[in-house]
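> structural data only, the sequence is not supplied:
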């Protein structure tokens, strides 16, 4: 590799990280980028870093001060993004460019090495959910993976998908799990939790779901399991509700119809998107997170819940067993009876909830931003040799 000899030291390299998405969203991939930057700033590195925020992001307060900044005009997910980004980056001296949002710029007369992070391949497994514009954009994933010098996968499950769906060489893939924001933690401010619940009209114990309302999240099965659960424990003096946090996604209307068909609408609260502080309170107040997703690249809500001390009921497929280990209850997400039994176990046993809380906190402690940063720095070092 021809190094740029940062500050006169031939063993230093100049690494760029694309952070434009952080202006447009705060969750998802943007949260991953924020965690990576914070982790690198904490553990330190001998290399020089340049971050590329959106030029619209006047504050860029989310970017650690130790990084050089080079704002870009090119918006993410634009149909001409790869070309426009390549032109904008052409005069910037870099040895390595990390593209955390799947698709890197075109490699036009550039000798810099390329790192991309692949969070999931849902768009290949479920192509019917994509708009024509999204199909065009994500259609670049094949060339992007092929041209990248290193591919970071956020789970072993995503690694398997890369190898199976895109024939990615195993030696090119580096599995580096995500980490949750430190804001997700057990709360000592129970009055605040209570005020948050009251503001959203939640007056009973509740199970919590966090995620987009779309078919792969498997909410129809969860609603059936919840309805069966309420019938099973109907003799209880107070029965729990179900709280749904997340935006409406593809085919959401068909999913919401099930609530009315099962006659459970008065027990299910749809809150939409909420801010992080409120979500922390909702995790802390919940009996458990119920997350029977059919497919995840990682499954960050499960980790957030464990880190907040909330018991987790989740799927025994995809990446989710990697996240929860033995610290949660895993079930067949296609089996409503199995989910009903898990809900019943958690509801009926305070001792089980306490044990899941203890094990979840210990499990979550294994996923840190510092570990994510160190592993990513090792990938950069490997390319720098």
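Nice, thanks for sending it over. Here the structure is a predicted model, which means the values were calculated and not measured.

> buried set for the helix or strand of the chain with the lowest mean pLDDT?
One helix or strand of the chain scores below all others by mean pLDDT, DSSP states H and E: helix 132-138, with a mean of 83. By neighbour count on 16 or more other CB atoms under 10 Å, the buried set for helix 132-138 is 137-138. The way it works is simple: take the backbone N, C-alpha and C, and place the C-beta from them, glycine included.

> for it, which helices and strands make contact with it?
helix 122-125 (3 or more CB pairs under 8 Å, 6 or more residues apart in numbering; DSSP states H and E).

> ok, now how distant is the residue nearest to residue 166 when sequence neighbours are not counted from residue 173?
Leaving aside its sequence neighbours, residue 166 sits nearest to residue 145 (CB to CB, 6 or more residues apart in numbering; 5.3 Å). Separation of residue 145 from residue 173 (CB to CB, to the nearest Å): 9 Å.

> what stretches of the stretch 1-150 of the chain score poorly on pLDDT?
Scanning the stretch 1-150 of the chain for pLDDT under 70 picks out 1-11, 59-63, 109.

> let's see 90
For the stretch 1-150 of the chain, the stretches with pLDDT under 90 are 1-12, 23-28, 57-66, 77-79, 102-103, 107-111, 126-139.

> how about the helices in it?
21-24, 29-43, 81-89, 122-125, 132-138, 141-147 (DSSP state H, counting those that start in this stretch).

> would you mark the buried spots in stretch 329-343?
329-331, 333, 336, 338-343.

> secondary structure class for the closest residue to residue 200 other than its chain neighbours?
In space, and not counting its chain neighbours, residue 200 is closest to residue 271: 5.8 Å by CB to CB, 6+ apart. Three-state call for residue 271 (DSSP: H, G, I helix; E, B strand; the rest coil): strand.

> residue 271 contacts residue 245, correct?
Yes: the pair residue 271 / residue 245 is scored as a contact, 5.1 Å apart, by CB atoms under 8 Å.

> so between these two, which is more surrounded?
Neighbour count, other CB atoms under 10 Å: between residue 271 and residue 245, residue 245 has more, with 21 against 17.

> I'd say that one and residue 276 touch.
No: taking contacts as CB under 8 Å, residue 245 lies outside contact range of residue 276: 11.1 Å.

> could you give the average pLDDT over stretch 342-354?
Averaged across stretch 342-354, pLDDT comes to 98.

> and for stretch 262-282?
97.

> can you tell me what sits against stretch 348-359?
233, 287-288, 309-312, 326-329, 345-346 (CB atoms under 8 Å, 6 or more residues apart in numbering).

> show me the two of the residues you listed that sit farthest apart.
233 and 326 (25.9 Å; CB to CB).

> neighbour-wise, which of the two wins?
Remark: of residue 233 and residue 326, residue 233 carries more neighbours, 15 against 9, as counted by other CB under 10 Å.

> stretch 283-299: how far from the chain's middle?
12 Å (CA atoms, centre = their mean, to the nearest Å).

> and the end-to-end length of that stretch?
Start and end residues of stretch 283-299 are separated by 15 Å (CA to CA, to the nearest Å).

> next: stretch 43-55.
Stretch 43-55: ends 28 Å apart by CA to CA.

> hmm, who's touching that stretch?
So stretch 43-55 is contacted by 6-7, 11-20, 22-24, 37, 40, 60, 63, 66-73, 75-76, 89, 92, 94, 370, 373-374, 377, 380, 384 (CB under 8 Å, 6+ apart).

> can you give me the buried ones in that stretch?
By 16+ other CB under 10 Å, the buried positions in stretch 43-55 come out as 45, 47-55.

> want to throw the residues you listed into a markdown table with distance to residue 211?
A markdown table is the format used below for those (distance: CB to CB, whole Å):
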| residue | distance to residue 211 |
| --- | --- |
| 45 | 34 |
| 47 | 36 |
| 48 | 38 |
| 49 | 32 |
| 50 | 34 |
| 51 | 29 |
| 52 | 29 |
| 53 | 27 |
| 54 | 26 |
| 55 | 31 |
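
> wait, isn't residue 373 in contact with residue 34?
No: shown here, residue 373 and residue 34 do not form a contact pair, counting by CB under 8 Å, at 11.7 Å.

> all helices for the stretch 151-300 of the chain, in order.
Ranges of helices within the stretch 151-300 of the chain are 156-166, 190-199, 219-232, 252-261, 276-285, 300-307, based on DSSP H, counting those that start in this stretch.

> please identify the deepest-packed of those helices.
helix 300-307 (a mean of 27; mean count of other CB atoms under 10 Å).

> what's that helix packed up against?
Using 3+ CB pairs under 8 Å, 6+ apart, helix 300-307 sits against strand 206-210, helix 276-285, strand 288-291, strand 312-315, helix 320-324, helix 350-364.

> what angle separates that helix from helix 350-364?
110 degrees (axes from the mean of the first three to the mean of the last three CA atoms, to 10 degrees).

> and helix 300-307, average pLDDT?
Across helix 300-307, the average pLDDT comes to 98.

> follow-up on the earlier one: what sits against the residue nearest to residue 200?
So residue 271 contacts 200, 243-245 (CB under 8 Å, 6+ apart).

> out of these, which are inside strands?
243-245 (DSSP state E).

> save those as TSV, and put in distance to residue 356 and pLDDT too.
Listed next are the ones in strands among the contacts of residue 271 as TSV, based on distance: CB to CB, whole Å; pLDDT from 0 to 100:
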residue	distance to residue 356	pLDDT
243	18	98
244	21	98
245	20	98
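
> which of these lies closest to residue 128?
Comparing the ones in strands among the contacts of residue 271 against residue 128 with CB to CB picks out residue 244 as the nearest, at 22.8 Å.

> which non-adjacent residue is nearest residue 162?
Per CB to CB, 6+ apart, closest to residue 162 is residue 168, 4.2 Å.

> backbone phi and psi for that neighbour, please?
The phi/psi pair for residue 168 (degrees, to the nearest 10) reads phi -70, psi 130.

> can you count the residues close to it?
20.

> which residues touch it?
145, 151, 162.
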